[in-house]
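In: structure for the following, please:
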Amino acid sequence: MMLSGEPRSSSSRPADPDTGRWSTHRVTNQPPPLDGFDPLACDPALHDAITRCAGADALPGLRALAAEAGSTAVRAHGRAANDNPPALRTHDRYGHRADEVDFHPSWHHLMERAVHHGLHAAPWAPDAGPGAHARRAAGFYLWSQAEAGHGCPISMTFAAVPALRHSPALAQQYEPGLRSTTYDFGLRPAATKAGLLAGMSMTEKQGGSDVRANSTAAEPLADGTYRLTGHKWFTSAPMNDLFLTLARTSGGLSCFVLPRVLPDGRRNEIRLQRLKDKLGNKSNASAELEYTGALGHLVGEEGRGVRCIIEMVSMTRLDCVLGSAANMRIALSEAAHHVRHRSAFGAPLADAPLMRAVLADLALESEAATALALRLAAAVDAQADPAERALLRLALPAAKFHVCKRASTAVAESLECLGGNGYVEESGLPRLYREAPLMSIWEGSGNVTALDVLRALEKQPETAAALLAELDTARDCDARYDEALARLRAELAEPNPVRARRLAELIALTLQAALLLRHAPNEVADAFVATRLVPDTGRSFGTIPDGLGIDLLDRVTPVS
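Out: Numbering: from 1, shown residues only. A predicted model of the protein is given here:
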């Protein structure tokens, strides 16, 4: 006789081996977490670019950094830093101004490791050696795959050094701390700290990217310093030790460096009003602040502030390209890992021809972005060569425009490879998707960077010659490439603001194609040219023409 509620058949449902009871929750057909993997081992494009741009002797150190970036512990820190965003404390319990930003311990761990690896300033050291910027770029790209938000203060510090060098005395004062590989968080006088970090405070609510509309005023004092009064709409990394900022003097818009804490231990008159509630980049603090008579030091000459800042912008734009390439690469890794372990309709997803086409197309996008980003870093290393300097001036805004825009589309497609699982926060893909638009906006949104391409052509005609010399190195490798190069020459001959985006895109695509034709396997270059340079080819990922014989999935799938 059976008791009420007792199961009637031992074959109707699987038994739970732990309880011996019937269960509906046996987990099958789910991929394991992508933790404990090596992001360099599954990235042949980066491996080859490092060897080409920095030398094979850079690989051992980058392998160690990559293993740490892909480790279970560091990936967990990345998740925790985003799940626990920073909090602003404007006042202490007694009503005194505090102007502090509190961060989760995982943020500090990520920052400490990034600084330890020299990602914030290593190329500026006197003994950095050849290829230092390419090595640092590869490290920044790998480490950003663990968590993108803390890359902001790392990038700002990296970019601050060449700007400060416009005033040798200030560089001598601050550069040793900025180059230090010790992370020393906290508001104390710069001279008492083992390491320093720099921020950037440029835009105002009435101007945004139009920094010449800034209204912050700087009043000279008898001791050579200035008092600044104004409201800054976006300030990167407000917890850092010093800011580079723009303010207006009698001589025009000028650049200043403002320490958070003055040499005598007093807080500088910098008031943090609020933290921005951003779409993504949640781990990082972006602030709105006021200078209420803050003390600052002039960097460079009065009225030449934009000239000082442009070098900082150039370096941060490079990091935008690197950050977007890194975001695409980790999204691709997540998608490739998922389809390797997931089955649907009776077969592994990784064996489905259309899924393989989508992943192959995403791999093409990632490989091209990585190759171009490292080539730009190599141009920074070679800036003593006027041709390399001219190439960088034109290619960098074009790459910033194109690569950063492609990131949003590529990450969205990677997310879709996981289906509904990718739309769930626990997958990590929504965080990558929210992060993607930032790099396209930061340091000049699409129209700003596209028009900067035209500005370079107008003010520095030698940039076009440098670009074409670079592109001519791949001539006669592929007739379709040669046709695209001819279209680019026609655009360069008659630049038009209405077509500025098209020109920037074509510059970036032909640069990517040239690099792949010269250095990538034939099937990679052939597929890229066929899908990116031929007019009226597919606009969606996965529309690779038949007959190319391309299969990139195994090439880019992580192995944990």
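
In: could you look up the SS state of the residue lying closest to K205 once chain neighbours are set aside?
Out: Nearest residue to K205, sequence neighbours excluded (CB to CB, 6 or more residues apart in numbering): W233, at 4.3 Å. Every residue, glycine included, has its C-beta placed from N, CA and C. Secondary structure, DSSP: H, G, I helix; E, B strand; the rest coil: W233 is strand.

In: likewise Q383?
Out: Three-state assignment for Q383 (three-state DSSP): coil.

In: that one and R389 touch, don't they?
Out: Yes - here Q383 reaches R389: they are 4.8 Å apart, a contact under CB atoms under 8 Å.

In: helices of the stretch 151-300 of the chain, start to end?
Out: Ranges of helices in the stretch 151-300 of the chain, per DSSP state H, counting those that start in this stretch, are 151-164, 168-179.

In: okay, these, which one's buried deepest?
Out: Ranked by mean neighbour count under mean count of other CB atoms under 10 Å, those are led by helix 151-164, which reaches a mean of 26.

In: and the angle from that one to helix 168-179?
Out: With axes from the mean of the first three to the mean of the last three CA atoms, to 10 degrees defining the directions, helix 151-164 sits at 150 degrees from helix 168-179.

In: how distant is helix 151-164 from the center of its chain?
Out: 13 Å (CA atoms, centre = their mean, to the nearest Å).

In: what does stretch 226-239 give?
Out: Relative to its parent chain, stretch 226-239 has a centroid offset of 23 Å by CA atoms, centre = their mean.

In: before we move on, what about stretch 291-299?
Out: 29 Å.

In: can you check stretch 84-95 too?
Out: 29 Å.

In: any chance you could map the helices in the stretch 301-450 of the chain?
Out: 305-341, 353-381, 386-417, 429-441, 446-459.

In: just tell me which of those helices ends up closest to Q273.
Out: With CB to CB, the closest approach to Q273 among those belongs to helix 429-441: 21.1 Å.

In: what packs against the closest one?
Out: helix 305-341, helix 386-417 (3 or more CB pairs under 8 Å, 6 or more residues apart in numbering; DSSP states H and E).

In: and the angle for the first one with helix 151-164?
Out: It stands for helix 305-341. 150 degrees.

In: for the helices of the stretch 151-300 of the chain, give me JSON lines that also has mean pLDDT.
Out: Output for the helices of the stretch 151-300 of the chain, formatted as JSON lines (pLDDT from 0 to 100):
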{"stretch": "helix 151-164", "mean pLDDT": "96"}
{"stretch": "helix 168-179", "mean pLDDT": "97"}
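
In: out of those, which comes closest to S286?
Out: Of all the helices of the stretch 151-300 of the chain, it is helix 151-164 that lies closest to S286, at 7.9 Å by CB to CB.

In: who does the closest one touch, helix- and strand-wise?
Out: Packed against helix 151-164 by the contact rule (3+ CB pairs under 8 Å, 6+ apart) you find helix 105-116, helix 132-144, helix 168-179, strand 198-201, strand 226-236, strand 242-249, strand 286-299, helix 305-341.

In: and the last one, which residues are buried?
Out: Counting neighbours by 16 or more other CB atoms under 10 Å, one finds that the buried residues in helix 305-341 are 305-306, 308-309, 311-340.

In: just the CA coordinates for the helix or strand of the chain with the lowest mean pLDDT, please, in CSV.
Out: One helix or strand of the chain scores below all others by mean pLDDT, DSSP states H and E: helix 553-556, with a mean of 82. Provided in CSV are the C-alpha atoms of helix 553-556 (Å, rounded to 0.1, in the frame of the first residue of the first chain):
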residue,chain,number,x,y,z
LEU,A,553,36.6,29.6,-33.2
ASP,A,554,39.3,27.3,-31.9
ARG,A,555,41.9,30.0,-32.4
VAL,A,556,40.2,32.3,-29.9
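
In: now do that helix: everything it contacts.
Out: 42-44, 332-333, 336, 339, 350, 356, 359-360, 363, 366 (CB atoms under 8 Å, 6 or more residues apart in numbering).

In: look up how far E302 lies from the closest residue to A114 other than its chain neighbours.
Out: Counting by CB to CB, 6+ apart, A114 lies nearest to I154, which is 5.0 Å off, once chain neighbours are set aside. Distance from I154 to E302, counting by CB to CB, to the nearest Å: 30 Å.

In: can you give me the pLDDT of the most centrally placed residue in the chain?
Out: Centroid check for the chain by CA atoms, centre = their mean gives G323 as the closest residue, at 1.7 Å. The score at G323 is 98. That number is its pLDDT.

In: gap between it and N284?
Out: In this view, G323 and N284 are 12 Å apart by CB to CB.

In: equivalent analysis for P32, please.
Out: P32 is 29 Å from N284, by CB to CB.

In: who has more neighbours out of these two?
Out: N284 (27 against 9; other CB atoms under 10 Å).

In: now the more buried one. Nearest residue, chain neighbours left out?
Out: Using CB to CB, 6+ apart, the nearest residue to N284 is G149, at 3.7 Å.

In: quick check: the one you found touching G323?
Out: No - assessed by CB under 8 Å, G149 is found out of contact with G323, at 10.2 Å.

In: helix, strand, or coil at D38?
Out: D38 - assigned by three-state DSSP - is coil.

In: and I544, by the same measure?
Out: coil.

In: quick one, phi psi at it?
Out: Dihedral angles of I544 (phi, psi; degrees, to the nearest 10) stand at phi -60, psi 130.

In: tally of neighbours for it?
Out: I544: 21 neighbours (other CB under 10 Å).

In: what do you get for T225?
Out: 16.

In: please shift the residue numbers so they start at 23 in all later answers.
Out: All right, first residue 23 from here; so that's T247.

In: please give me every residue in contact with it.
Out: L317, G318, H319.

In: closest to Y196 among those residues?
Out: Nearest to Y196 among the contacts of T247, with distances taken as CB to CB, is H319, at 9.6 Å.

In: what stretches of the stretch 123-272 of the chain score poorly on pLDDT?
Out: Scanning the stretch 123-272 of the chain for pLDDT under 70 picks out 229.

In: let's go with 90 and repeat that
Out: Applying pLDDT under 90 to the stretch 123-272 of the chain flags residues 222-237, 256, 258-259.

In: return the distance of the least confident helix or strand of the chain from the chain's centre.
Out: Helix 575-578 sits 23 Å away from the centroid of its parent chain (CA atoms, centre = their mean).

In: got the buried residues for it?
Out: Neighbour-count burial for helix 575-578 [16+ other CB under 10 Å]: L575, R577, V578.

In: CSV for the residues you listed, including distance to Q167?
Out: Listed next are these as CSV, based on distance: CB to CB, whole Å:
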residue, distance to Q167
L575, 19
R577, 17
V578, 13
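
In: just the residues you listed now: which is nearest G140?
Out: V578 (27.4 Å).

In: any idea how far R428 is from that closest one?
Out: Distance, V578 to R428, using CB to CB: 16 Å.

In: again, but for L538
Out: 15 Å.

In: neighbour count: these two, which is higher?
Out: L538 (28 against 21).

In: if I read this right, that one contacts A393, doesn't it?
Out: Yes - taking CB under 8 Å as the definition, L538 is a contact partner of A393 at 6.4 Å.

In: F367 and P53: what is the separation?
Out: 17 Å.

In: more neighbours, those two?
Out: More neighbours surround P53 than the other of F367 and P53, with 15 against 6 (other CB under 10 Å).

In: look up how far A382 lies from that one.
Out: From P53 to A382 the distance is 19 Å (CB to CB).

In: looking at the helices of the stretch 323-472 of the chain, which is closest to R502?
Out: helix 375-403 (14.7 Å).

In: now do that closest one against helix 327-363, angle only.
Out: Using the same axes, to 10 degrees: helix 375-403 against helix 327-363 is 150 degrees.

In: quick one: pLDDT of P36?
Out: 51.

In: kindly report the same for the one 4 residues further on.
Out: According to the predicted model, the pLDDT of D40 comes to 57.

In: follow-up on the earlier one: and which of the contacts of T247 is nearest to D474?
Out: So of the contacts of T247, ranked by how close each gets to D474 (CB to CB), first place is G318, at 27.3 Å.

In: perfect, that will be all.
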